[in-house]
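**Student:** Okay, here's the prediction I keep looking at, along with the sequence it came from:
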Amino acid sequence: MQPGDLNYPSFAMNFRRNNRRRNIITFKRTVTHVGIHDVTYVVKGIAPNGVSMVIEPEILRFEKAGQKLSYKITFT
């Protein structure tokens, strides 16, 4: 298991400078809804300067308590 595999709401990465290859780091997170039914959450984040961030999907719609949904964040 890598440190990025832990299901924490925060992310840490180390981009190497002067690397000829493009740095691409993707994290996956799974969220379990424990509240009332029919709730929508928007996944947001702030990328560090010089880093692009893509979140997929940006919206998680939970229909019932106990439901699990996942999202991915890719940093380049």
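**Tutor:** On my side now, so go ahead.
**Student:** So the spatially closest residue to residue 37 that is not a sequence neighbour versus residue 40, what's the distance?
**Tutor:** Sequence neighbours aside, residue 64 is the residue nearest to residue 37 in space, at 4.9 Å (criterion: Cβ to Cβ, 6 or more residues apart in numbering). C-beta coordinates here come from the backbone N, C-alpha and C atoms, glycine included. According to Cβ to Cβ, to the nearest Å, residue 64 and residue 40 sit 13 Å apart.
**Student:** The residue lying closest to residue 38 once chain neighbours are set aside - how many residues pack around it?
**Tutor:** Among residues not flanking residue 38 along the chain, residue 63 sits closest, at 6.2 Å (Cβ to Cβ, 6+ apart). Each residue near residue 63 was counted by other Cβ atoms under 10 Å, and the total is 10.
**Student:** just checking, residue 63 touches residue 37?
**Tutor:** Yes. Taking contacts as Cβ atoms under 8 Å, residue 63 lies within contact range of residue 37: 6.0 Å.
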